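Asker: sequence isn't available, so here's the structure alone:
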C-alpha cells in the first residue's frame with residue numbers, strides 16, 4: 001500500500017494530477033482544496049495517499065494535509081459516501097469547517113457539496129456527531145450537562161445564543177463556531193454578553209478573511 005508520495009507535478013486534469021516520482025507517473029485524485037494548496041505544474045509536491053484497491057483498479061487519493069485524509073477515511077464509512085462524494089465535501093469545507101458543521105448538526109451546509117442531498121446530509125451529521133471531538137483542535141461543545149444517554153448537551157444560554165445569531169442571518173455552523181469559541185473563555189456570561197462576544201468573534205474572523 002502507498003501511504004505517501006513526493007515528486008513533481010507533471011500535469012493536472014480536472015480533479016486528477018500525475019505526480020512524477022523518479023520517472024514514474026502516479027495518477028492521483030485530489031480535492032479542489034488540495035489542488036489549490038500543492039501548486040502548479042512542475043512544482044514539487046508531497047501528498048498523503050489513501051490507496052483503494054478494487055478488482056478492476058487501484059485508485060490513489062492524495063491530500064496536502066493529514067487532517068483531510070483522516071476526514072476522507074471517516075466520511076467514507078458512512079453509507080452512500082464513496083470517494084467522489086467525500087472529495088466533493090472536502091472541496092467545499094475545510095477539515096475545521098467540516099467538524100464545526102457536523103458538531104452544529106448543520107446538514108444544510110453539507111448539501112452545498114455535489115452529490116449530497118438532504119437525506120445524505122442528515123445521515124452524515126447523525127452518524128458522525130459523536131466522532132467530531134477527535135477531529136477538533138479545540139472543544140466545540142460548551143459547558144453543559146449530560147443527557148440520559150450520556151451525550152453532552154450545550155447549556156441553554158449557549159443554544160439561545162446560537163439561535164440569536166442565526167436569526168441575525170449567520171449560518172448555523174458559523175454561529176455555533178463563534179459561540180463555541182467565545183463560550184469556554186466566558187462560561188459564566190449572560191445571554192446578552194455571550195451574543196456580544198460571539199459577534200466579536202465573527203467580526204474578527206471577517207476582518208482576518
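Answerer: That came through fine. All values derive from a computational prediction rather than experimental measurement.
Asker: so which elements touch the helix or strand where residue 87 lies?
Answerer: In this structure, residue 87 is located in helix 83-92 according to DSSP states H and E. Helices and strands touching helix 83-92, as assessed by 3 or more Cβ pairs under 8 Å, 6 or more residues apart in numbering; DSSP states H and E, comprise strand 24-30, helix 32-38, strand 58-63, helix 66-75. In this view, the C-beta of every residue, glycine as well, is placed from N, C-alpha and C.
Asker: now distance to residue 52 and mean pLDDT too, for those, in TSV please.
Answerer: Written out in TSV, the entries for those read as follows (distance: least, Cβ to Cβ, whole Å; pLDDT from 0 to 100):
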stretch	distance to residue 52	mean pLDDT
strand 24-30	10	96
helix 32-38	16	94
strand 58-63	5	95
helix 66-75	10	93
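Asker: so can I have a markdown table of these showing distance to residue 16?
Answerer: Written out in a markdown table, the entries for the helices and strands packed on helix 83-92 read as follows (distance: least, Cβ to Cβ, whole Å):
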| stretch | distance to residue 16 |
| --- | --- |
| strand 24-30 | 5 |
| helix 32-38 | 9 |
| strand 58-63 | 10 |
| helix 66-75 | 16 |
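Asker: mind giving me the packing neighbours of the helix or strand of the chain with the lowest mean pLDDT?
Answerer: Among the helical and strand segments of the chain, the one scoring lowest on mean pLDDT, DSSP states H and E is helix 172-182, with a mean of 77. Contact here means 3+ Cβ pairs under 8 Å, 6+ apart; on that basis helix 172-182 packs against helix 95-103, helix 107-110, helix 156-167, helix 191-208.
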